[in-house]
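Trainee: Next one to model:
(chains A and B)
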Amino acid sequence: MSVTLGVILAVIGALVAAILAGLGSVFGVLIAGKAGTGVLSEKPQLFGRVLVLQALPGTQGIYGFLTAVILLGRLGLTGGNVPPLSDEVGWAFLGACLPIAIVGLISAIFQGRLAASAILMTAKQPGSAVRGMIMTALVETYSILALLISILFINGIPIQ
Amino acid sequence: MIIPMKKAQIVILKEDEKKLLTSLQKFGNFMLVSDEEIKENDVSGEEAYLNRLEGIINLVESYKTKKKLFDHLDLDYSEFIKNDPSRVELVERIEEISKRMDVLKQDSESCLEQIKTLTPFEGLDIPLNKLNPTKYVRFVIGLIDLNKLQQISDNLNEFHLDYKVLKNTQEGNGLFLAIYYDEFKEVMSFIRNAGFNEVSLPKVDKTVDELVNDLYNKVTNINQEYINLENELKEISSDINELKILNDQISSKLEIKKAPTFKTQATVYLKGWVRSDKLNEFEHAIKDATNIYDLSIEDPGDDELPPTFTKNNEFVEPFEAITDMFDTPHPQELDPNPIMSVWYWLIFGMMMGDAGYGVLMFIVFSLLIRLQKPKGGALKLMKVLLYSSVSTFIWGILFGSYFGFTFYPILVEPINEPIKLMVISLIIGGAHIISGLIFKMYALLKNGKILDAIFDQLSWILVIIGIGMMFLPDFSSIGQIIAIIGAGLIAVFGGRKSKNIFGKLFGGILGLYNITGYMSDILSYSRILALILSSAVIGSVMNMLAGMVQGSPIGFFFSILIYIVGHVFNLAMGLLSAYVHDSRLQYIEFFGKFYEGGGYEFKPLTLNLKYINEINDNSKLKGEN
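Mentor: The predicted model follows:
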C-alpha cells in the first residue's frame, strides 16, 4: 500500500474544502452572533428567532465538511484502503473541491453580515424574522450551487 | 378559497353601543374600520392594569406547587362575560401580599443590619440611656482594631480613664471608655489617631444585649409572617385560573374599548367588513343586542379594498401562514394555498428525506401541540411540521434512509446516485413551475383572457415540457417539436401588446430570452439534492462515529450519546434548512409565476384570549330549545 502524490493532492482538496468553508461559517456565525447578543441584551424574549438567524451562515461549514466526507468515501480512505491515484487525478480532485471551499468561505461571511442586519430588523419588528431568514438564505443559494458542482465532479472523476 | 367580504354599516342608539360590540365580539367575524378622524378611547389605565396582572400571574405561577402537564382551560361564554368581583378582590389581596412581602424583606434586612452594628458592644451591661456624662466622667463607645488597641494600651493607662474591651467582630472590636472630663479632648484625639471610630447608639432604657435580643425576635416574627404569606400565595395558586380568566376578560374588554366607532349626540355609527358567508349570524348578533338598529350591507365599491380571509380545509389551513408571511392574497385573485400547501408538504419531506426523522418529527410535534398548546402562528407552523413528518417518512422509505442507515432504497440511494437524484429534483422543480403556470392560465381563462393564457402561459409550458422530453432518447424528436411550437408561439405573439410595429415584431423574440429565467428557476431546485445529501451524509457520519467507539460497556454508552446528540443536531439543522429553502422555492420560483398578493389580513373584533384555550358557547343550544 502506497500513498501517491495523487492521494495527497486529493486529501489536501478534502481538507481545503472543510477548512475554508468551515472558517467562512465561523466568521459568518460570529458576525451574526455579535449583532444577536446586542439585540438580546435589550430584548431577551427574541432569543429563538435570533438564534435561528445566527445559525443560517453555519451551513457552509456543513457543506465543506460534506464535500470532504464524500471525497474521503470516494477515495476509500474511510475504510483504510487507498487506491493508487495518478498525479493528474489527484489534481482533478483538488480542483473539484475548490468551488465549495472558495464560495463557501466568502458566501458564509457575507451571509453572516446579512444575517446581522436581519437580526437588527427582527429587533425592531419581531414579526419580520422569517422574511429576514428567507432573504438571508438567498445568499446561500450560490454556495449550494458550488457544493453541487464539487460533488458532481468528485463523483464524476474516474479513479483508474 | 377566498371568502368575499361585504361592507356593513350599522347605526344604533348610543346606549346600545357596548351591548352591540360585546355581541359582535362574540360573533367574531366583523372587522371594524374607520375612515373619519375618530378620537380613540384612552386605554392606558387598562393596559397598565394588564401589565400589573401579568406580573401577579407570574408571581403566583412561581408558587404553584403542582404543575400539570395537560393544563387545559376552557370556559362557558356565559361564565366568561360574568363579572366576578371576587377575582378583582383576589388580585387586590395578592398585591397586598406582595407589597407586604417587600416591606418585610426590607425590615428584616434593616434589622440584620442593626444587629451587625450592635454586636461589637454586646456585654455592655448598662442600659444605654444611663451613659450620659456625669460631673467628672464622659462615656464613649466605638470600634477599634484589636492590634492597635494592644499597641496603645500602655499610653492609655497614662490617662485618667477606664476602658472595657467588648466583643471582637468582623466590623471591629467594641470598646467602651470612661474618660476624665478634663482630659477628654486629648484622649479623644489620641485614640482617633489610633483608628478609633466613635459609634452613637440609641439612648434607650435597654442594654445592648437586650436590644440585640429584641431585634432577633423581630426578625423571627418577620420571617414567620413572610412564611405565612408565602403559604397563602401557595394556597391562592390553586385559584390561578381565576386570575387568568380575569386577564383575558380585561384584554377582551380592551378590544371593545379600542373599537373605532363614530358617535353623534344620540347614535353610534359602525362601519366594517363582514364575511359574506356569515351574514345571517351577523344579523342575529345585532338582534341579540338591540331591536333598534339600521343595517346596510353592500358589496365593496370599486375604490375599496376589502380584507382577505381564506378558508381552507384542515390540511391546507396551517400552510396559509407560509403564504401570509410572503404576502396576503389579493381578495380578487384565486387562493394559492390549496396548491401551494401540497407542494410545500411534498418538497419539505423530500428535503428531510429520512423515515426515522419522519417518525421523530411526528412524535415531537404532536407532543408539542398537545403539551404547549400554542396558538396562532406558532400552532400553524407546528402543524405544518407535523403534516410534513408524513411526507418525510414516505420519502425516507423511497430513499431507503432510516436515521442515516440505508436499507433497500426503492427510488434512489442519495449518497451513491446523486446524479439520478438531481434529475428527480429538477423534474419536481419543472412540475412545480408548470403547475404555477397552469394556475395562472386557469385564472386568466376565468377572466376570459384566452389569448393571454395561450401565448404567455401555455407557450412556456410547452417549451419546458419539450426541452425536458429532449433529454429522453425515445421522445427527443417529439420534445423538439413541442418546444419549437412553444417557442414559436412566444416569438410570434409575445409582442402583441406592444404599441409600435417594431415592438410587435421583435417583442416576442426578445421574450424568448426569458428562457434563461425559467432555466435558472428549475436549476434552483437542485438545492433539494444538496439538502438531502447534507442530512444523509451527516447522519451516516454520526452513525460511523458511534460505531467506532462501540466495543466496551463505556464505549456503548458513548455511542448511544453520539447517536442521540448527532441525530438531534442533524434533525434540527435539517428542519431549519428545509423550512427556509422550501419557503424560498415557494416564494421566488413558484409564486413568481402567478401570485399577485397585495391584500391585507382580516382582523375581526374577537375575544382576546391569552390563557383561556377555549370558550364554549352553550347559550345557542339553550336558545333553540
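Trainee: how deep is residue B:608 tucked in, by neighbour count?
Mentor: For residue B:608, the tally of surrounding residues (other C-beta atoms under 10 Å in any protein chain shown) stands at 17. Every residue, glycine included, has its C-beta placed from N, CA and C.
Trainee: Surely it forms part of a strand?
Mentor: No. If the criterion is DSSP: H, G, I helix; E, B strand; the rest coil, then residue B:608 is coil and not within a strand.
Trainee: Can you give me every residue that contacts it?
Mentor: Under the criterion of C-beta atoms under 8 Å, 6 or more residues apart in numbering or on different chains, the contact list for residue B:608 reads B:248, B:251, B:252, B:254, B:255.
Trainee: Select from these the one having the most neighbours.
Mentor: With neighbours taken as other C-beta under 10 Å, the top of those is residue B:252, carrying 22 neighbours.
Trainee: Let me know the helix or strand that it is in.
Mentor: The secondary structure element spanning residue B:252 is helix B:240-258 (assigned by DSSP states H and E).
Trainee: Would you work out how far apart the start and end of stretch B:372-381 are?
Mentor: 13 Å (C-alpha to C-alpha, to the nearest Å).
Trainee: What about contact with chain A: does it have any residue there?
Mentor: No. Contact of stretch B:372-381 with chain A is not found when judged by C-beta under 8 Å from any C-beta of the partner chain; the minimum separation is 8.8 Å.
Trainee: Quick one: mean pLDDT over stretch B:531-544.
Mentor: The average pLDDT for stretch B:531-544 rounds to 90.
Trainee: what's the spacing between that stretch and its chain's center?
Mentor: Averaging C-alpha coordinates over stretch B:531-544 and over its chain gives two centres that are 32 Å apart (C-alpha atoms, centre = their mean, to the nearest Å).
Trainee: Please enumerate residues in contact with that stretch?
Mentor: Where contact means C-beta under 8 Å, 6+ apart, the residues beyond stretch B:531-544 that reach it are A:59, A:62-63, A:65-66, A:69-70, A:78, A:151, B:350-354, B:357, B:399, B:401, B:403-406, B:414-415, B:418, B:421, B:562-563, B:566-567, B:570, B:573-574, B:577-578, B:581.
Trainee: Which of those fall in strands?
Mentor: By the criterion of DSSP state E, membership of these in strands covers B:401, B:405, B:406.
Trainee: buried subset of these?
Mentor: Listed as buried from the ones in strands among the contacts of stretch B:531-544 are B:401, B:406; burial here means 16 or more other C-beta atoms under 10 Å in any protein chain shown.
Trainee: Quickly name whichever of the ones in strands among the contacts of stretch B:531-544 is closest to chain A.
Mentor: Nearest to chain A among the ones in strands among the contacts of stretch B:531-544 is residue B:406, at 12.8 Å by C-beta to the nearest C-beta.
Trainee: Show me what the helix of greatest length in chain B is packed up against.
Mentor: Of all the elements of type helix in chain B, the one with the most residues (DSSP state H) is helix B:85-118. With contacts defined as 3 or more C-beta pairs under 8 Å, 6 or more residues apart in numbering or on different chains; DSSP states H and E, the packing partners of helix B:85-118 are helix B:44-62, helix B:208-236, helix B:240-258.
Trainee: CA atoms only for the helix holding residue B:252, dumped as PDB, please.
Mentor: The C-alpha trace of helix B:240-258 is given here as PDB (Å, rounded to 0.1, in the frame of the first residue of the first chain):
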ATOM      1  CA  ILE B 240     -54.600  30.900  39.400                       C
ATOM      2  CA  ASN B 241     -57.200  30.200  36.700                       C
ATOM      3  CA  GLU B 242     -59.400  32.900  38.100                       C
ATOM      4  CA  LEU B 243     -56.500  35.400  37.500                       C
ATOM      5  CA  LYS B 244     -56.000  34.100  34.000                       C
ATOM      6  CA  ILE B 245     -59.700  34.400  33.300                       C
ATOM      7  CA  LEU B 246     -59.700  38.000  34.600                       C
ATOM      8  CA  ASN B 247     -56.700  38.800  32.400                       C
ATOM      9  CA  ASP B 248     -58.500  37.600  29.300                       C
ATOM     10  CA  GLN B 249     -61.700  39.300  30.300                       C
ATOM     11  CA  ILE B 250     -60.000  42.600  30.600                       C
ATOM     12  CA  SER B 251     -58.000  42.300  27.400                       C
ATOM     13  CA  SER B 252     -61.200  41.300  25.600                       C
ATOM     14  CA  LYS B 253     -63.000  44.400  27.000                       C
ATOM     15  CA  LEU B 254     -60.000  46.400  25.900                       C
ATOM     16  CA  GLU B 255     -60.600  45.300  22.400                       C
ATOM     17  CA  ILE B 256     -64.200  46.700  22.600                       C
ATOM     18  CA  LYS B 257     -63.000  49.900  24.000                       C
ATOM     19  CA  LYS B 258     -60.400  50.300  21.200                       C
END
